[in-house]
Structure formats: structure tokens, C-alpha cells
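> Return a 3D structure for these sequence lines:
(one chain, ligands or ions: 1)
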Amino acid sequence: MGRKLNTDIGMTVLTGANWQCVACGDRFGRCQVDHVRPVHAGGLDIPVNLVCLCYECNQVKSCFWPGHGYHQTRLAYDDVFRAHLILDAEITWLREHHSEAEIHEHIWRWYGMPDGASWF
Ligand SMILES: [Zn+2]
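The predicted structure follows:
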């Protein structure tokens, strides 16, 4: 959200996910590239920080990040629980495709999430 991605990186993310939403599994929605850690929270345009979400899930996740809330979003605060669920699904997907060290460096870096911690 919020910044135009390099097209090659975006296509790599979408094809790598087989055009399937990592949160709800939908294959027929409009696939979009989401920054797991939003740009406003220091997230980078690198594969370990990018996943495929359908349009609907991306609307809910938006720029949500724990401790930052819904910056730059159109959504009501009521959806924060759903945003957590989508973020949790993104992390699960990342763990299947990237090393823990890489995830720690680029996702948890400034927040010190303990090993195996849940978002809840
Ligand atoms: Zn979805």
C-alpha cells in the first residue's frame, strides 16, 4: 500500500504465491502485493516482506502494524482483530518460504518479538 513497487518484484511475489491469497486462500480475487510490515513502519520492498493478498483481505489488513494501528487507512478500528488474523496468516506463509533469521531481520527487527510468539 502507499508506494509503487518495482514491477518485477511484484510479479515474482504473485507468481511465487501462485496468485493465491495467503490469508483466505482465494484464487479468484484481484491479487495484490502487500507489505507484511508496512512502509510506514519501516518495511522494505524485499521478498521476505512481501506477500500476495486478495483485494478484500488487503483492504482489511491495509497498513496495520501492531503498535502503530491503522495509519493511512480507510478502515474502521473495529476491523483490528481481522487485521491481526491476516497478519498472522502472512507470517505463517513467510515461515514456509523464508528463513527465521531473514524474517527476524526484516519483520521483527525493531519490535523484539520473542521466538514463537503469537500476535494475540
Ligand atoms: Zn484473501
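
> which residue packs closest to the residue nearest to the spatial centre of the chain, ignoring adjacent ones?
The residue lying closest to the centre of the chain (Cα atoms, centre = their mean) is residue 36, at 2.4 Å. Distance criterion Cβ to Cβ, 6 or more residues apart in numbering; nearest residue to residue 36, sequence neighbours excluded, is residue 90 at 4.8 Å. (Each C-beta comes from the backbone N, C-alpha and C, glycine too.)

> so that neighbour sits in a helix?
Yes - under DSSP: H, G, I helix; E, B strand; the rest coil, residue 90 falls within a helix.

> got the residues of this structure near the ion?
In this structure, the chain approaches the ion at residues 21, 23, 24, 26, 54, 57, judged by Cβ under 5 Å from the ion.

> contacting residues around the residue nearest to residue 36?
Applying Cβ atoms under 8 Å, 6 or more residues apart in numbering, we find residue 90 in contact with 22, 23, 34, 36, 51, 53, 61.

> and what of residue 94?
Residues in contact with residue 94 (Cβ under 8 Å, 6+ apart) are 36, 48, 51, 103, 107.

> and what of residue 23?
By Cβ under 8 Å, 6+ apart, the contact list for residue 23 reads 53, 54, 57, 61, 85, 86, 89, 90.

> Name the nearest of those residues relative to residue 40.
Set against residue 40, the nearest of the contacts of residue 23 by Cβ to Cβ is residue 61 (13.2 Å).

> so what's the closest one closest to, chain neighbours aside?
Once flanking residues are discounted, residue 61 sits nearest to residue 86: 4.4 Å by Cβ to Cβ, 6+ apart.

> And that neighbour, how far from residue 8?
Separation of residue 86 from residue 8 (Cβ to Cβ, to the nearest Å): 25 Å.

> Show me which of the two is the more surrounded one.
More crowded of residue 86 and residue 8, by other Cβ atoms under 10 Å: residue 86, with 25 against 8.

> my guess is the more buried one contacts residue 57, does it?
Yes - the pair residue 86 and residue 57 passes the contact test of Cβ atoms under 8 Å, sitting 5.3 Å apart.

> Adding pLDDT and distance to residue 12, write the contacts of residue 94 out as JSON lines.
Shown next, in JSON lines, are the contacts of residue 94 (pLDDT from 0 to 100; distance: Cβ to Cβ, whole Å):
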{"residue": "36", "pLDDT": "94", "distance to residue 12": "15"}
{"residue": "48", "pLDDT": "94", "distance to residue 12": "12"}
{"residue": "51", "pLDDT": "97", "distance to residue 12": "12"}
{"residue": "103", "pLDDT": "91", "distance to residue 12": "18"}
{"residue": "107", "pLDDT": "88", "distance to residue 12": "18"}
